[in-house]
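[1] build me a model:
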Amino acid sequence: MSLISDNLQAVRADLAAVATAAGRDPQQITLLAVSKTFAADAVIEAAHADQHAFGENYVQEAIDKIETVRKLAPDLLLEWHFIGPIQSNKTRQIAESFAWVHSVDREKIATRLSEQRPVGMPDLNICLQVNISGEASKSGVLPDQALALALHIAQLPRLRLRGLMAVPEPATTVEQQRQPFLQLRMLQDQLNTHGLMLDTLSIGMSADMHAAIAEGSTMVRIGSAIFGNRNYAK
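    Down below sits the predicted model:
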């Protein structure tokens, strides 16, 4: 087996063990392989190890990679997730190329994605990015503004509002890591009392996956543990 295949096997085993310990079904948690900065051949290698959902942060890199994968391995059926900050001038490319967008944090971006999603494609799955820790340096809608944004998105055509995403500030213990994830889960429950049917919590990365799964994560975003260390200089 390849290194990526071995890494995927280890990550899946860890995910399953953590979910089982938390009394959850591992099958209810999607592993999103974050392939930013890695080449198309790494994606193809992971796909041959039964990984089908991939997350990207940078629009142009992602578009080029998606096209390269399609050319090199046209039989692969992959699901592409955009998880990075969104600039207004990049929404058309995102709307045309991705199945999921995890980082919507304002009405303007949601409206543009709705208008630019091609007719005939499935509805674009949307997660609100919530600035759950209130960090000035982080993107995301503030928790007390999430309901208004969610209700706006829910009525837009060609979008399907699925849930919430967050990247909390780092914490040193699992109990400290769990607190913002608990707050996000409670926010999702609150939004659902308004007739929304949110079923996705996109929380948890390599350093805090255990805490996220314990608090109800349905999608964890794992990169270097699968693909190795990133070289941002590239």
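
[2] in this protein, which spans are strands?
    30-34, 53-56, 79-82, 100-104, 124-129, 159-165, 200-202, 219-222 (DSSP state E).

[3] for those strands, give me a markdown table that also has mean neighbour count, distance to residue 183 and mean pLDDT.
    Where C-beta positions appear, they are placed from N, C-alpha and C, glycine not excepted. Shown next, in a markdown table, are the strands of the chain (neighbours: other Cβ atoms under 10 Å; distance: least, Cβ to Cβ, whole Å; pLDDT from 0 to 100):
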| stretch | mean neighbour count | distance to residue 183 | mean pLDDT |
| --- | --- | --- | --- |
| strand 30-34 | 22 | 22 | 98 |
| strand 53-56 | 22 | 23 | 98 |
| strand 79-82 | 22 | 23 | 98 |
| strand 100-104 | 25 | 18 | 98 |
| strand 124-129 | 25 | 14 | 98 |
| strand 159-165 | 23 | 10 | 98 |
| strand 200-202 | 25 | 11 | 98 |
| strand 219-222 | 24 | 18 | 98 |
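
[4] so who does residue 166 touch?
    Residues in contact with residue 166 (Cβ atoms under 8 Å, 6 or more residues apart in numbering) are 129-133, 140, 180-181, 184, 202-203.

[5] can you count the residues close to the nearest residue to it once chain neighbours are set aside?
    Distance criterion Cβ to Cβ, 6 or more residues apart in numbering; nearest residue to residue 166, sequence neighbours excluded, is residue 132 at 4.4 Å. Look at residue 132: counted by other Cβ atoms under 10 Å, it has 26 neighbours.

[6] rewinding a little: ok, which pair from the contacts of residue 166 is furthest apart?
    133 and 202 (15.6 Å; Cβ to Cβ).

[7] and the pLDDT at residue 119?
    pLDDT, residue 119: 95.

[8] now do the contacts for the residue nearest to residue 166.
    Counting by Cβ under 8 Å, 6+ apart, residue 132 has contacts 140, 143, 166, 168, 180, 183-184, 187.

[9] apply 6 Å and report the result again.
    By Cβ atoms under 6 Å, 6 or more residues apart in numbering, the contact list for residue 132 reads 166, 168, 180, 183-184.

[10] where does pLDDT dip in this protein?
    Where the chain drops to pLDDT under 70, the residues are 1, 232-234.

[11] outside of stretch 202-218 itself, list whatever touches it.
    Here stretch 202-218 has contacts from 18-19, 22, 29, 102, 127, 165-166, 174, 177-178, 181-182, 185, 200-201, 219-222, 225, using Cβ under 6 Å, 6+ apart.
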